[in-house]
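> Predicted model, plus sequence, below.
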2 protein chains.
Amino acid sequence: MMNALLLDKKDTAPRLRSVKAPIAQQGQVVVKIKAASLNHRDIWIVKGLYPGIELPVIMGSDGAGLLDGKEVIIQPGNGWGEDERCQGNTYQILGLPRNGTFAEFVLVESSQIFPKPPHLSMEEAAALPLSGLTAYRVLFTRCKAQAGEKLLVTGAGGGVALFCIQFALRAGVEVYVTSGSDKKISRVKEMGVSGAANYKSENWPSILKKQAGGFDIVIDGAGGADFSSLVKLCNPGGRIGVYGGSIGAVPNFSPQPVFWKQLSILGSTMGSDNDFTEMLDFVNKHRIVPIVDSVFELEEGDKAFERLEKGHQFGKIALKIA
Amino acid sequence: MMNALLLDKKDTAPRLRSVKAPIAQQGQVVVKIKAASLNHRDIWIVKGLYPGIELPVIMGSDGAGLLDGKEVIIQPGNGWGEDERCQGNTYQILGLPRNGTFAEFVLVESSQIFPKPPHLSMEEAAALPLSGLTAYRVLFTRCKAQAGEKLLVTGAGGGVALFCIQFALRAGVEVYVTSGSDKKISRVKEMGVSGAANYKSENWPSILKKQAGGFDIVIDGAGGADFSSLVKLCNPGGRIGVYGGSIGAVPNFSPQPVFWKQLSILGSTMGSDNDFTEMLDFVNKHRIVPIVDSVFELEEGDKAFERLEKGHQFGKIALKIA
């Protein structure tokens, strides 16, 4: 038996339960989880906003731990398929429908196991997989960010956005951000960001225009009405990487600036095993340390979920698992 | 002196006038125009919908004719610049602000001169430049169409759409179309198109879905509410090439299918000298013959414009210039 955060009812926080420990079949391994981290995906699953939810399920997509005495990190995606351009029908993310990392042990395919970056603690390593992978793919694989280019990342403070900022800075990209929190903006500025605007002030686009002129790349996970301002802020030949749409649809999306400025709007989600390998290489090479907002014990899972839902965090919320 | 179709007042058809013939400066040439063709751009200029309109102007972006006894075709764009991704600030299209091809002679830069495809008549050659270039760039340079892929071209019958269809068929792409006219659909089917739907019938997306399953590439110049159906019809990893927005803004553009299916929405307009060279090579190699809807004398310019504005044409409307 093992302890795990089990979601057994929609719209309730997952609860600590004692459940059967998993047993590996051929091609699979059981990892002793030392740390895990939360994603917005977990909140959407609790709220029942994902297709194919089957309860009860042990939640959690991100984890780091031990396998045969070695420190490992888990690629949360499995079954991407042969086409680097997009995930196939067999693609699954850990934590739904298969049991996830908010437990003492997790069952995964052997192919999902990668060496933990040695310069990271277990909590830091557990903060990396899903957000780091998403950030790496949208920034480099899709938008092909280059040194010297100007990049705008919206919603700084979120997991993917922060990794985009960290990765881009190390790649020599000039980074600007938006955030709804002046506190988060000052934190990001300490990281080396060149400029920022609070999107709650009506004139945020003109503030950024004044600071940067325009952007070669924009990375956005929000959508909504502000998306049209992002299009306007793009330089000719610019790329907009879209990895989410938390605000929802763009109410009035004009094709004119898209074709006249020859923009590329590039959707991206998660990443392939190649993306994951490249991301780990990049993190190791540049000794990047994920920003961990806070660490909770597995028993405090409800507090961790509460903090994520309130959106006050800066960086990833981790779980420590004994 | 020479005859030319001169636009001297907004919202009136350009009129035949006798004006001074141009004289070449260094690096320039004067081409004796034998045929020209109309573009929607010409209608928008008449309506005053372009920035930087200075009247009077001799209209016309497309032309073929004679230079030093040789048959030539004119690249309508000039000053694209060094960046293949997008046109620079110095980029101009013939016919505004510089005098265009609806005249006996036109002044262009030497770099705009290319050999006329020998298998084409002057009227066929004059039908090619702007639409053929736009089609080639959006289809191949931007969307990287490959043999065996499924392509949907919206608004079949328009100049760019028809070149997309012709080029794609010769490249081994499986082509489907939409049109608002059953007559145009039957004409396009004769060209070898695999399927079609009339966008005036409410269930056009499900008709196409039934025929093709889904599309790897969509080429659209319309935008508007139907754009969201195009997004839905895209296969995972698909590309949507956007070369215009004649209907206007998309009222409700959802980011979700864009990131989840890892779509690429690729704006494109006109093309570089490289695109033009490749397009001519492709047309010569495959002996592609542009579809000419009708040929008018220069004196009948008003009738040519009337036909274009009514939108009943299938292919390009040409002017024959003695």
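Nice, I can see it. Numbers count the residues shown, from 1 in each chain, chains lettered A, B, ... in the order given.
> Retrieve the pLDDT associated with the closest residue to A:Pro97 other than its chain neighbours.
Excluding its sequence neighbours, the residue lying closest to A:Pro97 (C-beta to C-beta, 6 or more residues apart in numbering or on different chains) is A:Glu54, at 5.4 Å. Any C-beta I mention is one placed from the backbone N, CA and C, and that applies to glycine too. Per-residue confidence (pLDDT) for A:Glu54: 85.
> Name the residues of chain A found near chain B, please.
Within chain A, the residues that sit near chain B (C-beta under 8 Å from any C-beta of the partner chain) are A:83, A:85-88, A:142, A:220, A:223, A:227, A:236-237, A:242-245, A:248-269.
> Report the separation between A:Ile33 and A:Met270.
If you measure A:Ile33 against A:Met270 using C-beta to C-beta, to the nearest Å, the figure is 20 Å.
> The two - which one has more neighbours?
Set side by side, A:Ile33 and A:Met270 give different neighbour counts by other C-beta atoms under 10 Å in any protein chain shown, the larger being at A:Ile33 (29 against 25).
> sec struct for the more buried one, please.
Secondary structure of A:Ile33, reduced to three states by DSSP: H, G, I helix; E, B strand; the rest coil: strand.
> re the thing from before, thinking the residue nearest to A:Pro97 is in contact with A:Arg98, fair?
No: the pair A:Glu54 and A:Arg98 fails to qualify as a contact (C-beta atoms under 8 Å) at a distance of 10.0 Å.
> quick one, which of the two is more surrounded?
Under the neighbour definition other C-beta under 10 Å, A:Glu54 and A:Arg98 were set side by side, and A:Arg98 has more, 17 against 8.
> tell me the SS of the more buried one?
Of the three states, A:Arg98 takes coil under three-state DSSP.
> separation between the closest residue to it other than its chain neighbours and chain B?
Leaving out its chain neighbours, the residue that sits closest to A:Arg98 by C-beta to C-beta, 6+ apart is A:Gln92, at 6.2 Å. Here A:Gln92 is placed at a distance of 14 Å from chain B (C-beta to the nearest C-beta, to the nearest Å).
> show me where chain A has helices.
Assigned helices in chain A, in chain order: A:40-46, A:122-126, A:129-136, A:159-170, A:182-190, A:204-212, A:227-233, A:255-260, A:273-285, A:301-310 (criterion: DSSP state H).
> and the residue nearest to A:Arg98, bridged to which residues?
A:Asn78 (DSSP bridges).
> For it, grab the count of nearby residues.
Around A:Gln92 sit 16 other residues, with neighbours defined as other C-beta under 10 Å.
> pLDDT value on it, please?
At A:Gln92, pLDDT is 94.
> is it true that it touches A:Val108?
No: in this structure, A:Gln92 sits apart from A:Val108 without contact. The criterion is C-beta under 8 Å, and the distance is 10.5 Å.
> Now do the shared contacts for the two.
Common contacts of A:Gln92 and A:Val108, defined by C-beta atoms under 8 Å, 6 or more residues apart in numbering or on different chains, comprise A:Asn78.
> where does the residue nearest to A:Ser246 when sequence neighbours are not counted land on pLDDT?
Spatial nearest neighbour of A:Ser246, excluding adjacent residues (C-beta to C-beta, 6+ apart): A:Ala222 at 5.3 Å. Note on A:Ala222: pLDDT of 97.
> Could you tell me which residues make contact with A:Ala222?
A:Ala222 is in contact with A:154-155, A:244-247, counting by C-beta under 8 Å, 6+ apart.
> returning to what we had before: which one of the helices of chain A is the most hemmed in?
Between the helices of chain A, the one whose residues have the most neighbours on average, counting mean count of other C-beta atoms under 10 Å in any protein chain shown, is helix A:129-136 (a mean of 28).
> what is the mean pLDDT for it?
When pLDDT is averaged over helix A:129-136, the result is 98.
> Quick one: buried ones out of the residues of chain A next to chain B?
Among these, those scoring as buried are A:85-87, A:142, A:220, A:223, A:227, A:236-237, A:242-245, A:249-250, A:253-269 (criterion: 16 or more other C-beta atoms under 10 Å in any protein chain shown).
> about what we covered before: tell me which of the residues of chain A next to chain B fall in strands.
Counting by DSSP state E, the part of those found in strands is A:220, A:236-237, A:242, A:264-267.
> Nearest to B:His312 among these?
Within the set of these, A:Ile265 lies nearest B:His312; the separation is 33.9 Å, counting by C-beta to C-beta.
> Please tell me I have it right and that closest one contacts A:Val258.
Yes: distance between A:Ile265 and A:Val258: 7.0 Å, which falls inside the contact criterion (C-beta under 8 Å).
> Next, show the common contact partners of these two.
With C-beta under 8 Å, 6+ apart as the test, A:Ile265 and A:Val258 both reach B:Ile265.
> Domain-wise, how is chain A divided?
A:2-128+A:290-320, A:133-267 (automatic domain parsing).
> gap between the residue nearest to A:Pro97 and chain B?
Counting by C-beta to the nearest C-beta, the gap from A:Glu54 to chain B is 20 Å.
> now swap in A:Lys144 and tell me
Distance from A:Lys144 to chain B, counting by C-beta to the nearest C-beta: 11 Å.
> how many neighbours does that residue have?
Based on other C-beta under 10 Å, the number of other residues close to A:Lys144 is 13.
> do A:Gly271 as well
Burial of A:Gly271, expressed as a neighbour count using other C-beta under 10 Å, amounts to 29.
> contacting residues for it?
Applying C-beta under 8 Å, 6+ apart, the residues near A:Gly271 are A:77, A:133-134, A:136-137, A:141, A:279.
> how about 10 Å then?
A:75-77, A:80, A:84, A:87, A:129-130, A:132-138, A:140-142, A:277-279 (C-beta atoms under 10 Å, 6 or more residues apart in numbering or on different chains).
> re the thing from before, looking at the helices of chain A, which is nearest to B:Gln28?
In this view, the helices of chain A are compared for proximity to B:Gln28 by C-beta to C-beta, and helix A:255-260 is the closest at 27.0 Å.
> Name the residues that touch that closest one?
If you take C-beta under 10 Å, 6+ apart as the criterion, helix A:255-260 is touched by A:228, A:231-232, A:234, A:236, A:238, A:240, A:263-265, B:86-87, B:134, B:138, B:142, B:220-224, B:227, B:240-250, B:253, B:265-270.
> switch to 7 Å and redo it
A:231-232, A:263, A:265, B:223, B:242-245, B:265, B:267-269 (C-beta atoms under 7 Å, 6 or more residues apart in numbering or on different chains).
> a markdown table please, covering these and showing distance to A:Val188.
What follows is the contacts of helix A:255-260, written out as a markdown table (distance: C-beta to C-beta, whole Å):
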| residue | distance to A:Val188 |
| --- | --- |
| A:Val231 | 23 |
| A:Lys232 | 23 |
| A:Leu263 | 25 |
| A:Ile265 | 24 |
| B:Gly223 | 35 |
| B:Val242 | 33 |
| B:Tyr243 | 38 |
| B:Gly244 | 39 |
| B:Gly245 | 35 |
| B:Ile265 | 28 |
| B:Gly267 | 30 |
| B:Ser268 | 34 |
| B:Thr269 | 35 |
